[in-house]
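Colleague: Test case, fold it:
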Amino acid sequence: MASIQKIIIEQLLALVRMEIKKYIRFDTHNRLKVDLAECRERLLKLEKAAESQGEETFSIWLTRMRTNGKSLKTLRKKLAISQKEMAILLDADPATVNRWESGRVKLSRKSCEKVAKIRSLSKIEAKKILATKRIPNSAE
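Modeller: Residues are numbered from 1 along each chain as shown. Sure thing, here's the model as predicted:
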């Protein structure tokens, strides 16, 4: 008689475990669905906001960048390069870089895009790029 009770208890435990696993899987699946739906909603809101402000935000950033030659100078000092070397990186004239930094001339959109590309460079990466462009040795 004890062995029949033991078998019944084991089968009941197995059924309970199976039901718990089903519940956990179902519950997790539902939570994931809800989380995914919330993420989609937030993404749609962000996309709508970006569409309405995208070009406007970029032009605001561009205006700030254009009027702020100090940021170009700060970047140049961060990279530990001269104005001449900065000009080489930006494919510009060294005098133009000087005018940008002093605020006498605003950067064009194309120049701002070039600055944005070199903004993420490290000192070593900048020096490697300059070495490949073969800077003539002269007094700076």
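Colleague: Would you map out the domains in this structure?
Modeller: Domain assignment for the chain by automatic domain parsing gives 1-67, 69-132.
Colleague: which one of those domains is the most hemmed in?
Modeller: Highest mean neighbour count of the domains of the chain: domain 69-132, a mean of 16 (counted as mean count of other Cβ atoms under 10 Å). The way it works is simple: take the backbone N, C-alpha and C, and place the C-beta from them, glycine included.
Colleague: mind showing which ranges of the chain have poor pLDDT?
Modeller: Applying pLDDT under 70 to the chain flags the ranges 1-2, 23-29, 47, 49-68, 134-140.
Colleague: Point to the residue nearest the middle of it.
Modeller: S120 (10.6 Å; Cα atoms, centre = their mean).
Colleague: where does that residue land in three-state SS?
Modeller: Following DSSP: H, G, I helix; E, B strand; the rest coil, S120 is assigned to coil.
Colleague: Roughly how far does it sit from L75?
Modeller: 10 Å (Cβ to Cβ, to the nearest Å).
Colleague: try K21
Modeller: 57 Å.
Colleague: go on, V34?
Modeller: With Cβ to Cβ as the criterion, V34 and L75 are 45 Å apart.
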